[in-house]
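**Student:** Provide a 3D model corresponding to the input given below.
(one chain, ligands or ions: 1)
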Amino acid sequence: MGEILVTNGLHKSYKKHTALKSLSISVKQGQIYGLLGPNGSGKTTTLGILLGVIKADGGSFSWFGKGELDENRNNIGALLETPNFYPYLNAIDNLKIVAAIKSLDNTKERIEKVLKRVDLWKRKKATFKTYSLGMKQRLAIAGAILADPDVLVLDEPTNGLDPQGIAEIRSLILDIAAEGKTIIIASHILDEIEKMCTHVAILKDGALIREATLDEIMIQDKVLCVGSDHREELRLAIEKIPQLKFFKDLDPHMLVTVDGEISNAAVNKMFAENGVYLNTLMLHKKNLESTFLEIVNK
Ligand SMILES: Nc1ncnc2c1ncn2[C@@H]1O[C@H](COP(=O)(O)OP(=O)(O)OP(=O)(O)O)[C@@H](O)[C@H]1O
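**Tutor:** The predicted structure is shown next:
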């Protein structure tokens, strides 16, 4: 797979505050790459630098193996903030303006293609101000793919949408990815990343904590769900057993992470040796949320 983006030690400070600390990531062709992190972890700053809107203080990046050239951006569609279209113009006229700004040819065909792609063709003559938030966001994606770029960069694409709007954007993004496009999404919504992304970079306080495939992130450690009639003793036993680490209280059960390859029978025995008899012992499948919290809280 071809390398689409490589960053090398990107650094950015706003006065005394360091927003990005030596960020090195790489994105390959066809990946849906999620940039994940709590508020203020540096996601928007990263995308801003990569799109030439913010200047880094240090480090470098390269799109398509061609460095930081402005012309690389002709091959990148971006959605960085809430869509900014003319409220009294319809979808077609708004996209005509986007086409003119980007000096695109075959405007009519392009606009028809993207409006069908984002399922707004039937509403093409309605003015932007009459659109729902989800439709506005879909029109913004139509604008971002109007030039048929190889890469789509999206900052919090489902922010503020209702569940149906979120599902529509998600399915649209997956469809666009299925055409072979590379997609980079910044989000703090874990469920969104989990349902869409193939690869994830987790940021915390501007630093990269982990970069891996979604599968690698989610099956990091074994998590067990344990229960006992005596919760206090259970909690104390978890503290005492070095191979176990308390993870979460799911009252009445507790989640623990287990070091290495220790069988459930061995875990049961360890509890018994500490005077605790389990009434529940089962594997707990981690979701991205639990993994994420575990990683950023370390
Ligand atoms: N123009 C600015 N001036 C000063 N500080 C800034 C500026 N832009 C961002 N920051 C700070 O840099 C840090 C990273 O911000 P950034 O917006 O990149 O994070 P983020 O992960 O995108 O957060 P969010 O999910 O809230 O959008 C934050 O602490 C933020 O307050």
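**Student:** got the phi and psi for the residue in the stretch 151-298 of the chain that the ligand sits nearest to?
**Tutor:** Going by C-beta to the nearest ligand atom, the ligand is nearest to His188 of the stretch 151-298 of the chain, at 4.9 Å. (Each C-beta comes from the backbone N, C-alpha and C, glycine too.) The phi and psi values for His188, taken as degrees, to the nearest 10, are phi -110, psi 10.
**Student:** show the contacting residues for it.
**Tutor:** Counting by C-beta atoms under 8 Å, 6 or more residues apart in numbering, His188 touches 36-39, 41, 43, 156.
**Student:** which of those are buried? Put it as a PyMOL command.
**Tutor:** Those of the contacts of His188 that count as buried under 16 or more other C-beta atoms under 10 Å are selected in PyMOL with:
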select buried, resi 36+37+41+43+156
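**Student:** ok, which of the contacts of His188 also contact the ligand?
**Tutor:** The overlap between the contacts of His188 and the neighbourhood of the ligand (criterion: C-beta under 6 Å from any ligand atom) consists of 37, 39, 41, 43.
**Student:** could I get the full set of helices for this structure?
**Tutor:** In chain order, the chain shows helices spanning 43-50, 91-101, 107-117, 133-144, 163-178, 190-196, 214-218, 231-240, 264-273, 288-296, with DSSP state H as the criterion.
**Student:** indicate which one of the ones you listed is closest to Asp205.
**Tutor:** In this view, the helices of the chain are compared for proximity to Asp205 by C-beta to C-beta, and helix 288-296 is the closest at 9.1 Å.
**Student:** which positions within that closest one qualify as buried?
**Tutor:** Of the residues in helix 288-296, those buried under the neighbour-count criterion (16+ other C-beta under 10 Å) are 288, 290-292, 294, 296.
**Student:** OK, contacts around Lys129?
**Tutor:** Shown in contact with Lys129 (C-beta under 8 Å, 6+ apart): 87-88.
**Student:** ok, it to Pro87 distance?
**Tutor:** Distance check for Lys129 against Pro87: by C-beta to C-beta, to the nearest Å, it reads 4 Å.
**Student:** nearest residue to Asp148 in space, please, no chain neighbours.
**Tutor:** Distances taken as C-beta to C-beta, 6 or more residues apart in numbering put Arg110 closest to Asp148, at 7.6 Å, once the chain neighbours are dropped.
**Student:** wait, Ile183 touches Ile32, no?
**Tutor:** Yes - the criterion here is C-beta atoms under 8 Å, and Ile183 meets it with Ile32 at 4.7 Å.
**Student:** what do the two both touch?
**Tutor:** Taking C-beta under 8 Å, 6+ apart as the contact rule, the neighbours common to Ile183 and Ile32 are 173, 177.
**Student:** if I pick Val151, what's in contact with it?
**Tutor:** The neighbours of Val151, taking C-beta under 8 Å, 6+ apart as the test, are 4-5, 63, 75-77, 181-184.
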